[in-house]
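**Q** any chance you could fold what I've pasted below:
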Amino acid sequence: QVQLVESGGGLVQAGGSLRLSCAASGRTFSTYAMAWFRQAPGKEREFVAAITWSTGSTVYAGSVKGRFTISRDNAKNTWFLQMNSLKPDDTAVYYCAARRNSVGSYYLRGNYNYWGQGTQVTVSS
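**A** Here you go, the predicted structure:
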């Protein structure tokens with residue numbers, strides 16, 4: 001099992017920045033890739049970004065590309081989401097996730113094996 005704990009959410013004005021962190025513990029050697037998803041009130045949970053553990057290859061949703069950056073610190077079993085130029089539409093609960101293999105799309109939540117508890121990000125206009 002892998003346990004994930006997010007931190008770094010909060011309230012920020014539009015145009016501002018936040019950095020989310022996700023710390024992994026447990027059987028982290030089994031992790032192939034990590035990702036961030038988000039869920040706004042009344043909406044489905046959606047993919048934000050993903051990064052592979054070994055090579056650092058990244059994938060982004062079109063809505064955040066150029067504004068958000070996913071990165072990882074392998075030595076600390078932690079990955080990050082740097083969010084710049086935030087918009088009110090970015091308001092959501094942000095979840096980190098991890099998957100054990102590369103089978104299937106990065107965009108589908110069902111392809112991830114482990115989830116954090118979520119952290120609230122609120123962007124005011």
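
**Q** strands of this protein, start to end?
**A** Taking DSSP state E as the criterion, the chain carries its strands at 2-7, 10-13, 18-26, 33-39, 46-52, 58-60, 68-73, 78-83, 92-99, 114-115, 119-124.

**Q** now the ones you listed in TSV, with distance to residue 106 and mean pLDDT?
**A** (Glycine included, C-beta is placed from N, CA and C.) Below are the strands of the chain laid out as TSV (distance: least, Cβ to Cβ, whole Å; pLDDT from 0 to 100):
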stretch	distance to residue 106	mean pLDDT
strand 2-7	17	94
strand 10-13	26	98
strand 18-26	16	95
strand 33-39	6	97
strand 46-52	4	97
strand 58-60	5	97
strand 68-73	11	96
strand 78-83	14	96
strand 92-99	8	97
strand 114-115	15	96
strand 119-124	21	98
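
**Q** which one of those lies nearest to residue 107?
**A** strand 46-52 (4.3 Å; Cβ to Cβ).

**Q** parallel or antiparallel, list what pairs with the closest one.
**A** Applying DSSP bridges, strand 46-52 is found paired with strand 33-39 (antiparallel), strand 58-60 (antiparallel).

**Q** near the residue nearest to residue 33 when sequence neighbours are not counted, how many other residues are there?
**A** The shortest distance from residue 33 to any non-neighbouring residue, by Cβ to Cβ, 6 or more residues apart in numbering, is to residue 52 (4.6 Å). Close neighbours of residue 52, defined as other Cβ atoms under 10 Å, add up to 17.
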